[in-house]
Every structure is written in structure tokens, then in C-alpha cells.
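Enquirer: when you get a sec, could you give me coordinates for this:
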Amino acid sequence: MTKVKICGLMEKQHVKAAVDAGADAIGFVFAPSKRRVTVEQARELAKEIPPHVLKIGVVVDASREELETYYREVPLDYIQYHGDEAPGLIEQLGFPSIKALSIRSEEDVIRAAQYETDFFLFDAPGTDYKGGSGNTFDWSLMEASGIGGDRIILAGGLNAANVKEAIARVKPYMVDVSSGVESNGKKDEQLIRTFLHTVKDGER
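Expert: Here you go, the predicted model:
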């Protein structure tokens with residue numbers, strides 16, 4: 001069954017809604033973003049998350065000291081790198097990792113092979129910030145990845161209306177949603193539940 005990550009959570013009620021509806025992972029954004037949280041906020045929210053749900057920290061070109069703080073203090077299960085990390089750096093840093101790549105062309109997909117990481121997150125290019133834009137990209141480009149589906153996290157413009165098609169075409173290990181479960185720029189508990197039920201119930 002496809003796993004689901006709900007990203008950019010900032011409020012306890014939204015964490016609870018995601019966990020109760022069957023989320024497999026919760027994402028905390030530490031990079032510049034309207035969804036950015038502090039270590040202290042993330043630590044408080046993490047208390048609402050049971051051990052079987054992954055806690056993932058989203059970063060952009062953070063220092064080793066910052067990464068250590070996020071990983072130990074929240075604590076996190078994975079660091080999700082959205083910056084300009086050189087190939088080899090993620091392995092050198094040594095944290096359980098997800099490398100996010102912005103996909104504009106087949107070359108961007110192929111570039112993933114340069115990185116040593118636990119998972120790859122394929123996303124549409126950012127607009128205001130590095131990271132997600134809320135837009136989809138051409139999923140057919142994923143055919144060039146050469147990466148097993150068990151290491152692929154698909155992001156970018158997903159919502160309850162298109163996620164089933166995305167899963168059918170890409171067959172990722174996990175799908176990642178943020179703006180697709182928001183209304184008026186804020187997380188929406190009903191949209192969170194609907195997205196999760198669309199994925200989970202559709203595969204039973």
C-alpha cells in the first residue's frame with residue numbers, strides 16, 4: 001500500500017487529524033517558508049505523533065549544527081534535503097535521508113543517480129521558495145529515473161482529485177502533500193482526511 005506524508009504541519013489539531021486518518025509520515029519545514037516551524041514548535045507537535053509515524057524535517061542548505069539540532073531535539077526520523085547539496089555530502093553528513101529534486105526535464109530525473117540517499121523525493125520546481133510550489137510536473141519523465149519505486153516519494157501539486165492517477169502512473173513508495181490539503185493557505189482537517197482516505201481506501 002502506498003505510504004502518505006502530510007507535510008508542512010504547524011498545528012496540533014492538524015497533526016492529530018493526519019495521524020488519526022492513517023498518515024505514515026509528518027513533515028516539519030525548517031527552511032524559509034510560510035509553513036516554517038521552530039525546533040521548539042516541532043518538538044511539541046512531535047509529542048502528538050506515535051512511534052510508527054515517521055517525523056521528517058525539511059531543510060535547505062542547513063549547517064551540520066542545525067541538522068544535528070533538528071534531528072536530536074525534535075527528534076526526527078529523516079532529514080529531507082531541498083538545497084544545493086553536492087553529491088556525497090548527504091552520505092557524509094550521515095543522517096537518514098531523503099534527497100528532493102526539482103523536475104523540469106529528463107536530465108533532472110537522471111541526476112538523482114548521483115546521490116547516495118535512502119529515498120528520492122521528486123517534486124515540481126519551487127517558485128517563491130526552494131522546495132514545493134503546489135504544481136505538478138510531467139510524471140512521464142519518471143520513466144527515466146532507473147530508481148526502484150520502493151525509494152521514490154512523489155510530490156508536487158498532489159490532491160485528492162489527482163493522487164490516484166499519480167500513483168497508478170509512477171507507482172511510488174510514498175506520496176507527499178502539503179498545499180493540496182489546504183484551504184485559504186491553511187491546513188484543512190477535512191482535506192487531510194479526504195486525501196488519506198482517497199489513497200488508503202482506494203488500495204484496499
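
Enquirer: every contact and neighbour count from this point should use C-alpha atoms.
Expert: Noted.

Enquirer: just name the shakiest helix or strand of the protein by mean pLDDT.
Expert: When each helix and strand of the chain is scored by mean pLDDT, DSSP states H and E, helix 106-110 comes last, with a mean of 90.

Enquirer: how about that helix: buried residues?
Expert: Of the residues in helix 106-110, 108-110 count as buried by neighbour count, 16 or more other C-alpha atoms under 10 Å.

Enquirer: strands along this structure, start to end?
Expert: Assigned by DSSP state E, the chain shows strands spanning 3-7, 25-29, 54-59, 78-81, 97-102, 119-123, 152-154, 174-177, 182-183, 186-187.

Enquirer: quick one: closest of these to A161.
Expert: strand 174-177 (12.3 Å; C-alpha to C-alpha).

Enquirer: direction included, what does that closest one pair against?
Expert: strand 3-7 (parallel), strand 152-154 (parallel) (DSSP bridges).

Enquirer: can you say which of these is packed in most?
Expert: strand 152-154 (a mean of 26; mean count of other C-alpha atoms under 10 Å).

Enquirer: the longest helix seen in the chain vs strand 3-7, what angle?
Expert: With DSSP state H setting the assignment, residue counts place helix 189-201 as the longest helix in the chain. Helix 189-201 runs at 160 degrees relative to strand 3-7, counting by axes from the mean of the first three to the mean of the last three C-alpha atoms, to 10 degrees.

Enquirer: now do helix 189-201: which elements does it pack against?
Expert: strand 3-7, helix 12-20, helix 163-170 (3 or more C-alpha pairs under 8 Å, 6 or more residues apart in numbering; DSSP states H and E).

Enquirer: so who does V59 touch?
Expert: Residues counted as contacts of V59 (C-alpha atoms under 8 Å, 6 or more residues apart in numbering) are 29-31, 79-83.

Enquirer: redo that, cut-off 10 Å
Expert: Contact partners of V59, counting by C-alpha atoms under 10 Å, 6 or more residues apart in numbering, are 28-32, 36, 66-67, 70, 79-83, 130-131.

Enquirer: excluding chain neighbours, what is closest to L9?
Expert: F28 (6.1 Å; C-alpha to C-alpha, 6 or more residues apart in numbering).

Enquirer: from memory the one you found sits against K34, does it?
Expert: No: the pair F28 and K34 does not pass the contact test of C-alpha atoms under 10 Å, sitting 11.8 Å apart.

Enquirer: identify the contacts common to these two.
Expert: G8.

Enquirer: of the two, who's got more company?
Expert: Between F28 and K34, counted using other C-alpha atoms under 10 Å, F28 has the larger neighbour count: 30 against 11.

Enquirer: so S102 bridges to which residues?
Expert: So, taking DSSP bridges as the rule, S102 has D123 as bridge partners.

Enquirer: against H82, how distant is it?
Expert: To H82, S102 is 9 Å away according to C-alpha to C-alpha, to the nearest Å.

Enquirer: next: G148.
Expert: 21 Å.
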